[in-house]
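# What shape does this take:
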Amino acid sequence: MGHISVTFRHPRFLGLRKSDLSPPCQVGDINSRGMRFYTPARLRVSAVIDVVLECPFSSSADRMEVRGRVIWRKYSRRREAWRTGVHFVDMTDEARDRIMKIVDVAAEHDAKYKMDEEFLL
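Residues are numbered from 1 along each chain as shown. Presented below is the predicted three-dimensional model:
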């Protein structure tokens, strides 16, 4: 999912303040229940974070913030980053639908770009 941008922040002080957004992280996998992404930050397993999803190719679902819980992490030497698994929490059906729309729009764009690239070669 090369065209979905993910950043995150930690809620602080009972959720009243939040940390600054992280730098953009590369998405490895995403679905309506959770995601895997790469980050230079070593996030604590069970930490709750706010995840911001953005897709520049979607007109209606271009930015969305969801809450997630870190369920695993493993260091990737090849990417020099932490591969991190997050499970979305407190999700409504509407929020899950919006996530799937973001995924669909990014996948359609990737497929179109790949087809155009093959045509040009």
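# What helices and strands are in contact with the lengthiest strand in the chain?
Among the elements of the chain assigned as strand by DSSP state E, the one spanning the most residues is strand 63-76. Packing contacts for strand 63-76, counted by 3 or more C-beta pairs under 8 Å, 6 or more residues apart in numbering; DSSP states H and E, involve strand 34-39, strand 48-54, strand 81-89, helix 93-120. All C-beta atoms are positioned from the backbone trio N, CA, C, and that covers glycine.
# what's the following helix or strand after the lowest-mean-pLDDT helix or strand in the chain?
Ranked by mean pLDDT, DSSP states H and E, the weakest helix or strand in the chain is strand 17-18, scoring a mean of 66. Later in the chain than strand 17-18, the nearest helix or strand by DSSP states H and E is strand 26-30.
# Next, the buried residues of that following strand.
26-28, 30 (16 or more other C-beta atoms under 10 Å).
# Kindly report the same for stretch 98-117.
Quick answer for stretch 98-117 (16+ other C-beta under 10 Å): 98-99, 101-103, 105-106, 109.
# hmm, back to that, save the helices and strands packed on strand 63-76 as JSON lines, and put in distance to residue 72 and mean pLDDT too.
What follows is the helices and strands packed on strand 63-76, written out as JSON lines (distance: least, C-beta to C-beta, whole Å; pLDDT from 0 to 100):
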{"stretch": "strand 34-39", "distance to residue 72": "9", "mean pLDDT": "96"}
{"stretch": "strand 48-54", "distance to residue 72": "14", "mean pLDDT": "92"}
{"stretch": "strand 81-89", "distance to residue 72": "4", "mean pLDDT": "97"}
{"stretch": "helix 93-120", "distance to residue 72": "20", "mean pLDDT": "76"}
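# Residue 93 and residue 24, how far apart?
28 Å (C-beta to C-beta, to the nearest Å).
# Alright, I will stop here.
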